[in-house]
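Enquirer: got a sequence here, can you build the structure:
(2 chains)
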There are 2 protein chains.
Amino acid sequence: MNVQPSRSVRSPLSVVLLACFLCLSMSPMSVSADEGMYLFNDLPAKLLKDRHRFEITQDWADRLRLSSVRFNSGGSGSFISSNGLVLTNHHVAADTLQKLSTAERDLIRDGFLARTLEEELRAPDLELNQLVSIEDVTERVNAAVPAGADAETAFKLRRAAMSTIEQESKEATGLRSDVITLFGGAKYHLYRYRVFDDVRLVWAPETAAAFFGGDADNFEYPRFNLDATIMRVYEDGKPAQLEHYLRWSDAPLADGDLVFVSGNPGRTQRIYTAAALQYLRDDRLPFALDTLRRKEILMQQFSLGGGEQKRRGRDELFGIQNSRKAYSGMIAGLQTPSVMAEKRQREAELLETVRGRAELRDLAQAWDEVAAVQQEKRKLLKQTASPRCTLADIALQLVLLAGEDAKPNDQRLREFTDAGRESFLRELLSEAPIYKDLEQFKMTDELSRFAELRGGDDPFIVQLLDGKGPRQRGAELVLGTQLDDPKARQPLVDGGQAAIAASTDPMIVLARILEPEYRRIREQNEALEERERQAYASISKAITAVQGTGGYPDATFTLRLAFGTVKGYEQDGERIPPATTIGGAFAHAERHAGQEDFDLPASWLKAKAGTDLDTQINFVCTADIIGGNSGSPVVNRAGELVGLIFDGNIQSLTSDYLYTDTQGRAVSVSAVGIKEALRGIYQAPGLAGQLGK
Amino acid sequence: MNVQPSRSVRSPLSVVLLACFLCLSMSPMSVSADEGMYLFNDLPAKLLKDRHRFEITQDWADRLRLSSVRFNSGGSGSFISSNGLVLTNHHVAADTLQKLSTAERDLIRDGFLARTLEEELRAPDLELNQLVSIEDVTERVNAAVPAGADAETAFKLRRAAMSTIEQESKEATGLRSDVITLFGGAKYHLYRYRVFDDVRLVWAPETAAAFFGGDADNFEYPRFNLDATIMRVYEDGKPAQLEHYLRWSDAPLADGDLVFVSGNPGRTQRIYTAAALQYLRDDRLPFALDTLRRKEILMQQFSLGGGEQKRRGRDELFGIQNSRKAYSGMIAGLQTPSVMAEKRQREAELLETVRGRAELRDLAQAWDEVAAVQQEKRKLLKQTASPRCTLADIALQLVLLAGEDAKPNDQRLREFTDAGRESFLRELLSEAPIYKDLEQFKMTDELSRFAELRGGDDPFIVQLLDGKGPRQRGAELVLGTQLDDPKARQPLVDGGQAAIAASTDPMIVLARILEPEYRRIREQNEALEERERQAYASISKAITAVQGTGGYPDATFTLRLAFGTVKGYEQDGERIPPATTIGGAFAHAERHAGQEDFDLPASWLKAKAGTDLDTQINFVCTADIIGGNSGSPVVNRAGELVGLIFDGNIQSLTSDYLYTDTQGRAVSVSAVGIKEALRGIYQAPGLAGQLGK
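Expert: Numbers count the residues shown, from 1 in each chain, chains lettered A, B, ... in the order given. Presented below is the predicted three-dimensional model:
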């Protein structure tokens, strides 16, 4: 399961930000200001005490951890009542809202409110994970790899060890068990999760309120967004009774308040060397942006077909636009000469120290190894055999599954092991609607894109096109397949390699062509990743030796604790206050009259008189977050819910590789704002009364 | 002056089209059906007589030629009254409409009608060309190049000869004089033009009527678009009195009617070899599309800033979207395996014949030479030193001008010769508004794009960025320059190299960095073009020897005559009639209620009752057209105006490299529809009464 960069955290770089990079740390090991995404089993107790006079206790942290959930669709959330209520962002829930919508019921546009338990709508394939324990298994994983093993062997042995540990844990505890690679491979931890797979929709606002200001305001601040949705977890068909959940704070936040964020940041790259950042800047991000812009235009073109097409493609278009804006900001940061110059200078200084100490000297070659790996990655960058088309992806997963099932558990690709089977099948057999008109658009474009990437005469492309143009071939594949019906997938899951080999479904036939190429490319990529992992493990060692311990590992879409203070900032000579109000939303809409994305929904206009306009709606803080943190609870010293992370401002966009708090801020929905909106605007006093109870 | 692919002629490929490629000719030399863009001094008299029983006379053709005009901004038009009225497309006039618009007067959105001569608005920099004579100068150009000269030397000698011929002609006649390269360099003709540089706007409809259906309907058919605008040419401050202009036909067209198109097709590539098409398919078009999609998103982002930003960027956004849709269709055709297979087979057959005939054998190596040049072009493809930003372009032109002015006329780059100086300066010193907010957006993106193309550490990029990120550097350049004011450009034109060297304007400083790189890249490209030109001249010779003469050369944005019949076609099993009516537009709007691009303007809704809804508004014919033909008059056997070319349907999109009339059609506005709209909808009976008079 990949974490999609969710609508959060990054955006075009502000010019005035640049000077502040000079004071930034070079790696996650050495920490300044409120930087850091800490492990729940390695909390920054001393830092919190020294810096914020906060004495963190194990009990406080355990309660927060057990009240936090991970959305497997890519995001975070929290339990907010004893009877199973879950709070997350509207844009995290959007995937589910989209899947529950039909031509007649547009939940994304119109929102939703269940007045009774019976009215709550079950998500077709959503899985929430509650982290119940963490165990260090570094020694056991490392023991599986003999010294001097080459990258490919090391990777396979390590993968086998991790799969075995997961499988044993799953059998012993019944819990979802994932071995996580930390500090670029210096540590391995076993995470055990309680899984909630019956998740139902309780309340969602209209997109006009949740994504108020649209693409223009995305990653900007001040904001006025009700980017919130409430769901409920069920067990045995009844609302789950929860021991751990967050109490709701009814107090607005004030400048300087200390807050904590407990969520699942997706991926950071703070340990990256200058060579790795250069590859990002000159190769990977430009290529990713070309692809995103292509898909953005494609989805726009699909939407021109009419209202129903617009509805079908909307969530995907939003996601693409969000990533495009985030990556544009990220590349702007990397293209700023002073940023790279600073990175290179600090790296040179560190390397000088490392080379100067006999016991560290050998580690210096790790930097060269990373640089060498980037050269190899460059060559592989544009190779792909995974079409961005749901039906083709389902077909490929089915073909791979049959192949992997024929192998012993510890030799399988990571996502096909027994321990992860339940989660994997939940998604593969999902009842979520698949729209063939949209799929046809996407498949046609993927065939065309593949042909562009390799050239039309490449034998793989000739095989894929089967003598037809992309348009004709795309139509034939999508209109001919039965895989849009989960019932057609089940026998291919059950029937294994024989069923796959016998299938005449055109998408399965296509996937049989894709499979060997997919495996070849993946194997090459994984060998490179293993070389990088080993190199970064050495770099981690060198940094720890020079700068000491006490840091945090790069993000891995697992639970982390971040902290910071509620704090405004200066921008273009103007003082930006830390919080906004519901009344501010109305004023913002007036300032942008005539721009569709700034029209507040009818529910807001109608309820204006009966709503407390002074209620806080959004606020910023200095906590260190990234995509995947979307939906994370923000709590105060007492552990009470005060907010809900939903974005980062434009100045925080570099946080993938560099944290800054000069202007960089995490943006949250205020807990008090959610409660007031439920009461005053959405006429749901019953639901408002359950929050935190 | 480059021809921008205008809103015309190409679009996504229809699947059903593919079979028909088998009957297509391989090169412009061998002609089938109504294919062909003929020279006015080499008319297809026999073909017209045999095929359509039409006896073309010199007088008929001369009158049509002298009634036709070229829009130097990229398009075609015609004289339609004795007192200087000019008819063209709204989308050809859009460049002028945009330049004449302000925040308070949005001519693109709202349209325009001058009730008196005094109300007519003068275009700030528009130049129209009337072709008054053609002279064959092949021998003189060829005599300048000794046999065996290398490509670079040959190019320079040929350029010098052409510049000298132009200069002599200009001095002798006072007319604009251009030497045109035809048949890939097998022939050179001298075109003399009467120039009209005082052109005023008389009438334009709203974009909602002209571009009814928007991006969704672009390149589709049936259509219902009033893509027309009327201007007037002036001489000595008074409406020009014209001897030659087109009479207006008041009869609707019927299936099977023979029609002629007289316009300036921009560029075709029908002589291209398979290797050249492969380069287009795998390299050039994918790169162009990535760039177009990038600019499309950029302009969309700019438009999100508000209504005035939307207005400022609209014309440019339209142009980008149009090219993107056209190129997408073109690449889809090339990616269809049967298209390339057919091309390769016919090429192989021709080559076998050529190799089998002793007197032709040496010519066969021309195909290898073209293939070799494609390899070189691949390497140069992503090199650029011309930012797509008006202010940077002005600065670069000023710096180049100073350098070129210091050279003898015959050694200058083509666009800087004395013969073309007037046209060149008209554009360089144009009073058209330049919006710094838009320029800043574009400059920032260009700096970022350049950095992506070469990598952020490339010395040229380091120089361009001058230590700042693209955003900061873009702001500094655009906000600091004075070049948005033509008065700041004049002294740099007059002051020559000393003025350029002394300038501290940041854009001029930037252009001094760009200049050597620009010259280096251009020189390499021109050497490759010369090698291709020589090779295609040999290929032309071979084809003529094998297949005989009687053909037409690839398009060069010069006046050509095409012909065809008014003719419907089958599409997805449905019969598409050749013409639509004004009433059909209202029905089309109703079918797409709720989609903004399908809202007819208020003027139409109001006038519905008083308009003859049965009047023809658009029709299709089989004439061979391409971008640049936009605005071309369509005339009947009597030489009367019956229509106005504005688009090609999706099935004609391959016409860049392959003509087809199975479904491919040129789309026109009907002359009767324009007249009825002026009378009934735009309440301009006076203007309607002048048409053709």
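Enquirer: alpha carbons only for contacts and neighbour counts from here, please
Expert: Fine.
Enquirer: quick one: the helices in the stretch 101-250 of chain A, in order.
Expert: Applying DSSP state H, counting those that start in this stretch to the stretch 101-250 of chain A gives helices spanning A:107-110, A:138-143, A:151-173, A:207-210, A:214-217.
Enquirer: so which residues make contact with the first one?
Expert: Among residues not part of helix A:107-110, those counted as contacts by Cα atoms under 8 Å, 6 or more residues apart in numbering or on different chains are A:94, A:97-98, A:100-101, A:204-208.
Enquirer: what does the longest one give?
Expert: Defining contact as Cα under 8 Å, 6+ apart, one finds that helix A:151-173 is touched by A:140-142, A:144-146, A:175-179, A:190, A:409-412, A:414, A:417-419, A:526-528, A:530-531.
Enquirer: try the fourth one
Expert: When contacts are defined by Cα under 8 Å, 6+ apart, helix A:207-210 is touched by residues A:90-91, A:108-111, A:225-228, A:597-601.
Enquirer: if we go to 7 Å?
Expert: For helix A:207-210, the external contacting residues (Cα atoms under 7 Å, 6 or more residues apart in numbering or on different chains) are A:90, A:108-109, A:225-228, A:597, A:599-601.
Enquirer: just checking: what are the partner strands of the helix or strand of chain A with the lowest mean pLDDT?
Expert: Here the helix or strand of chain A ranked lowest by mean pLDDT, DSSP states H and E is strand A:569-571, holding a mean of 88. Partners of strand A:569-571 in the sheet, by DSSP bridges, are strand A:574-576 (antiparallel).
Enquirer: can you give me the buried ones in the partner strand?
Expert: Across strand A:574-576, burial judged by 16 or more other Cα atoms under 10 Å in any protein chain shown covers A:Ile576.
Enquirer: may I see the buried residues of the following helix or strand past it?
Expert: On the C-terminal side of strand A:574-576, the nearest following helix or strand under DSSP states H and E is strand A:579-581. Within strand A:579-581, the residues scored as buried using 16+ other Cα under 10 Å are A:579-581.
Enquirer: report the angle between the top helix by length along chain A and helix A:151-173.
Expert: The helix that spans the most residues within chain A, counting by DSSP state H, is helix A:506-547. In terms of direction (axes from the mean of the first three to the mean of the last three Cα atoms, to 10 degrees), helix A:506-547 departs from helix A:151-173 by 100 degrees.
Enquirer: one step back: buried ones only from the contacts of helix A:151-173, please, as a PyMOL command.
Expert: Buried residues among the contacts of helix A:151-173 (16+ other Cα under 10 Å), as a PyMOL selection:
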select buried, chain A and resi 141+142+144+145+175+176+177+178+179+190+409+410+411+412+414+417+418+419+527+528+530+531
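Enquirer: contacting residues around the residue in the stretch 401-550 of chain A that chain B sits nearest to?
Expert: Using Cα to the nearest Cα, A:Gly469 is the residue of the stretch 401-550 of chain A that sits closest to chain B, at 3.8 Å. Residues counted as contacts of A:Gly469 (Cα under 7 Å, 6+ apart) are B:332, B:335-337.
Enquirer: ok, and the most crowded of those residues?
Expert: Counting neighbours by other Cα atoms under 10 Å in any protein chain shown, B:Gln335 leads the contacts of A:Gly469 with 27 neighbours.
Enquirer: that one touches A:Gly456, doesn't it?
Expert: Yes: assessed by Cα atoms under 7 Å, B:Gln335 is found in contact with A:Gly456 at 6.2 Å.
Enquirer: and the stretch 101-250 of chain A, which residues reach chain B?
Expert: A:Ala216 (Cα under 7 Å from any Cα of the partner chain).
Enquirer: and the longest helix of chain A, how far from the chain's centre?
Expert: Relative to its parent chain, helix A:506-547 has a centroid offset of 19 Å by Cα atoms, centre = their mean, to the nearest Å.
Enquirer: what helices or strands is it leaning on?
Expert: helix A:151-173, helix A:365-380, helix A:390-405, helix A:470-480 (3 or more Cα pairs under 7 Å, 6 or more residues apart in numbering or on different chains; DSSP states H and E).
Enquirer: can you list those in CSV and add mean pLDDT and mean neighbour count?
Expert: CSV is the format used below for the helices and strands packed on helix A:506-547 (pLDDT from 0 to 100; neighbours: other Cα atoms under 10 Å in any protein chain shown):
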stretch, mean pLDDT, mean neighbour count
helix A:151-173, 93, 19
helix A:365-380, 97, 17
helix A:390-405, 98, 21
helix A:470-480, 94, 21
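Enquirer: make TSV out of these and add distance to B:Thr353.
Expert: TSV is the format used below for those (distance: least, Cα to Cα, whole Å):
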stretch	distance to B:Thr353
helix A:151-173	55
helix A:365-380	42
helix A:390-405	46
helix A:470-480	34
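Enquirer: of the ones you listed, give the one that comes closest to A:Gly639.
Expert: helix A:151-173 (28.9 Å; Cα to Cα).
Enquirer: put the alpha carbons of whichever strand or helix holds A:Thr565 into PDB.
Expert: Applying DSSP H and E as the criterion places A:Thr565 in strand A:560-565. Extracted as PDB, the C-alpha positions of strand A:560-565 are listed here (Å, rounded to 0.1, in the frame of the first residue of the first chain):
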ATOM      1  CA  ARG A 560       4.800   9.400  15.000                       C
ATOM      2  CA  LEU A 561       4.600  12.100  17.600                       C
ATOM      3  CA  ALA A 562       5.300  15.700  16.500                       C
ATOM      4  CA  PHE A 563       5.000  18.800  18.700                       C
ATOM      5  CA  GLY A 564       5.000  22.600  18.300                       C
ATOM      6  CA  THR A 565       3.400  25.800  19.300                       C
END
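Enquirer: quick one: that strand to chain centroid distance?
Expert: Chain-centre distance of strand A:560-565: 18 Å, with Cα atoms, centre = their mean.
Enquirer: low-confidence stretches in the stretch 201-350 of chain A?
Expert: Scanning the stretch 201-350 of chain A for pLDDT under 70 picks out no residues.
Enquirer: near chain B, which residues of chain A show up?
Expert: By Cα under 7 Å from any Cα, the part of chain A that sits against chain B consists of A:15, A:216, A:282, A:286, A:290, A:293-294, A:304, A:306, A:332, A:335-338, A:452, A:455-456, A:467-472, A:595.
Enquirer: mind checking which of these are in helices?
Expert: Those of the residues of chain A next to chain B lying in helices (DSSP H): A:216, A:286, A:290, A:293-294, A:332, A:337-338, A:452, A:470-472.
Enquirer: poorly predicted segments of the stretch 401-550 of chain A, please.
Expert: Checking the stretch 401-550 of chain A against pLDDT under 70 turns up A:549-550.
Enquirer: can you name the residues bridging to A:Leu641?
Expert: Beta-bridge partners, per DSSP bridges, of A:Leu641: A:Trp248, A:Val635.
Enquirer: what about it, how many residues nearby?
Expert: A:Leu641: 28 neighbours (other Cα under 10 Å).
Enquirer: ditto for A:Asp614
Expert: Neighbours of A:Asp614 under the rule other Cα under 10 Å: 12.
Enquirer: does it sit in a helix, a strand or a coil?
Expert: coil (DSSP: H, G, I helix; E, B strand; the rest coil).
Enquirer: isn't it right next to A:Ile582, touching?
Expert: Yes: counting by Cα under 7 Å, A:Ile582 is a contact partner of A:Asp614 at 6.3 Å.
Enquirer: state the distance from the closest residue to A:Asp227 other than its chain neighbours to chain B.
Expert: Among residues not flanking A:Asp227 along the chain, A:Ala210 sits closest, at 4.1 Å (Cα to Cα, 6 or more residues apart in numbering or on different chains). As judged by Cα to the nearest Cα, to the nearest Å, A:Ala210 and chain B stand 18 Å apart.
Enquirer: ok, now A:Ser82?
Expert: 44 Å.
Enquirer: quick one, what contacts that residue?
Expert: A:241-243, A:245, A:693.
Enquirer: now do 6 Å
Expert: A:241-242 (Cα atoms under 6 Å, 6 or more residues apart in numbering or on different chains).
Enquirer: picking up where we left off before, now the buried residues of strand A:579-581 as JSON lines including pLDDT?
Expert: JSON lines is the format used below for the buried residues of strand A:579-581 (pLDDT from 0 to 100):
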{"residue": "A:Ala579", "pLDDT": "98"}
{"residue": "A:Thr580", "pLDDT": "98"}
{"residue": "A:Thr581", "pLDDT": "98"}
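Enquirer: that concludes my questions; thank you for your assistance.
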